[in-house]
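Enquirer: below is the sequence, then the predicted model.
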Amino acid sequence: MKFKERLGEAFRMYFILVTLISVLLMILGLTLDNDRVFGYEVFLSPLLYAAIGVIPVFFFGSDKEISMRRLLIQRIITLVFIEAVVLVMAFSVKSIPTERRGVVIGIAVGVEVVYVLSLVVEYIFELTQSRELNEALEEYQSLGKDSEGEV
């Protein structure tokens, strides 16, 4: 995969993750810590967490078709990496009440849910692109057959 393609994939995934992480933070905040008041710096966290979530895009990539087993292993390694980094960050930030077990579990499960949802959104996006490409190819092939018949 070319760097330009990886960069495009990273940007697409970044914005998907920012949206999903923002929703996750809203849900976790309202259910586990709804009496807390934040400043505007809270808007930075989804951007930072999404940037962390995009890092694996640059490490996994191949010009060759990979097997389903290898794809699953890559996805699991990516999830473990993201989970670890986010939890380390959560424990190192004083504003996240990690002393409460429910908060840590909520973050861990939330990261998994966001990861799976981002894969689903990415799959739907790629499926739509694939269908459009197939339709364009079929149209191109039918035009080629029509012009051959006239000769």
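Expert: Right, received. Where do you want to start?

Enquirer: for the residue nearest to the spatial centre of the chain, which non-adjacent residue is spatially closest?
Expert: The chain has Ser118 as the residue nearest its centroid, 4.0 Å off, counting by Cα atoms, centre = their mean. Distance criterion Cβ to Cβ, 6 or more residues apart in numbering; nearest residue to Ser118, sequence neighbours excluded, is Ile16 at 5.0 Å. C-betas here are computed from N, CA, C, even on glycine.

Enquirer: how far away is that neighbour from Val121?
Expert: Note on Ile16: its distance to Val121, by Cβ to Cβ, to the nearest Å, is 5 Å.

Enquirer: which of these two has more neighbours?
Expert: Higher neighbour count among Ile16 and Val121: Ile16, with 21 against 16, using other Cβ atoms under 10 Å.

Enquirer: tell me the SS of that one?
Expert: Here Ile16 is recorded as helix under DSSP: H, G, I helix; E, B strand; the rest coil.

Enquirer: also Lys94?
Expert: Reduced to three states by three-state DSSP, Lys94 is coil.

Enquirer: now swap in the one 10 residues further on and tell me
Expert: Under three-state DSSP, Val104 falls in the helix class.

Enquirer: that one reaches Ile96, doesn't it?
Expert: No. Counting by Cβ atoms under 8 Å, Val104 stays clear of Ile96, with 9.1 Å between them.

Enquirer: anything in contact with each of those two?
Expert: Counting by Cβ atoms under 8 Å, 6 or more residues apart in numbering, the residues touching both Val104 and Ile96 are Ala90.

Enquirer: mind listing what's buried in the one helix or strand Leu47 maps to?
Expert: Per DSSP states H and E: Leu47 is located in helix 44-54. Residues of helix 44-54 classed as buried: Ser45, Pro46, Tyr49, Ala50, Gly53, Val54 (neighbour count, 16 or more other Cβ atoms under 10 Å).
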